[in-house]
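[1] How does the following fold in three dimensions:
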Amino acid sequence: MPARRRRPEARLGRPTLTRERIARAALRVLGRAGPTELTMRNVAADLQVSPRALYNYVSDRDDLLREVMAICHADRPEPRLDPGRWRESLRQYCLDLRSWYRAHPGLLALAHAENLTHLAAPGLLDADDALVGFFLELGLSPQNAYRAWTITVLQVAGFAEIWDTWHDRPPAGLVPAAVPLVPPLPPTDRPTDRPGVEAARTDESPATEPRVGGSSAEKSNAERLGGGRPDVGGLAAESHPHLRRISEEVTVEPPDVLFESMVTMLLAGIEAALLRPARKADAPL
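    This is a model prediction of the structure:
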């Protein structure tokens, strides 16, 4: 029997279409433009083919989304959780899960925008079942195991969808590292615009305020936040004393450092639940 011919990887310099390649193109469109732009036409444009060519592999948009879900599920990290090393293994799983969400930007937005339950891939809940089982094996009550599972997923997914997305794909012209800890107040709320409050500027001060979060990412915190003026970063000492304090004293941390702090706090909450007396096992974490 003659050997079956394998499909070439590329033709005329372009990759050969497959369901997986079309689905990954859909994920690229989703990450760039969001759920509303996830159309057959835009996916075809990403692949530099005609929309009609896609229908040789996927029957319609629902079929495309089904393949997208299958691809995302196949990419999801398998929990390798060890109750004997629960802190280390849970921390590593959080890091792996964060990487998965970052590699599939817009996935949560798609799930929020559309009902995808009928497109769920087989085994979709396997990772969640393993995570819940891990918390139960640690000794958490079912109620607190549910809480720990939910909070873990929400913290990691929320960080990746909001904070990582903002840094991975910032708006045009924005350098996240140059943005201050807190935004400036609107002009009408600044102390110098309110009756009875003297301007903090001296005669030697520039006539115009420096723009907060300027184009240079190398500016120091002091320069970005107002150079020590009473209205640091647009924060009036009398109305926002606590935000003003962190603006003056706290260093902006990169996402990786902030994520590690978040995971450390998550582990501390789980450990506190494990140490509670049995009669308080179901007390809120």
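[2] For the rest of this, base every contact and every neighbour count on C-alpha atoms.
    Will do.
[3] residues near residue 129, how many?
    Per other CA atoms under 10 Å, the neighbour tally for residue 129 reads 13.
[4] Likewise for residue 268?
    Neighbour tally, residue 268, other CA under 10 Å: 13.
[5] OK, contacts around residue 80?
    89, 93 (CA atoms under 8 Å, 6 or more residues apart in numbering).
[6] again, but for residue 42
    residue 29.
[7] mind checking pLDDT for it?
    Looking at residue 42, its pLDDT is 97.
[8] just residue 118 next, same as before
    So residue 118 comes in at 84 (pLDDT).
[9] again, but for the one 10 residues further on
    Residue 128 is assigned 94 on the pLDDT scale.
[10] now residue 145: how far from residue 89?
    Going from residue 145 to residue 89 by CA to CA, to the nearest Å gives 16 Å.
[11] These two: which has the busier surroundings?
    The neighbour comparison of residue 145 against residue 89 (other CA under 10 Å) goes to residue 145, with 23 against 16.
[12] Where do the strands of the protein begin and end?
    10-11, 14-15 (DSSP state E).
[13] Give the buried residues for the longest helix seen in the chain.
    Criterion DSSP state H: the longest helix present in the chain is helix 255-274. Within helix 255-274, the residues that qualify as buried are 259, 263, 266, 267, 270, 273, 274, counting by 16 or more other CA atoms under 10 Å.
[14] can you put the residues you listed in a markdown table and add pLDDT and distance to residue 117?
    Compiled in a markdown table, the buried residues of helix 255-274 are given as follows (pLDDT from 0 to 100; distance: CA to CA, whole Å):
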| residue | pLDDT | distance to residue 117 |
| --- | --- | --- |
| 259 | 96 | 30 |
| 263 | 97 | 29 |
| 266 | 96 | 29 |
| 267 | 96 | 31 |
| 270 | 95 | 30 |
| 273 | 91 | 33 |
| 274 | 91 | 34 |
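[15] want to throw the residues you listed into JSON lines with distance to residue 80?
    Compiled in JSON lines, the buried residues of helix 255-274 are given as follows (distance: CA to CA, whole Å):
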{"residue": "259", "distance to residue 80": "20"}
{"residue": "263", "distance to residue 80": "17"}
{"residue": "266", "distance to residue 80": "18"}
{"residue": "267", "distance to residue 80": "16"}
{"residue": "270", "distance to residue 80": "18"}
{"residue": "273", "distance to residue 80": "22"}
{"residue": "274", "distance to residue 80": "21"}
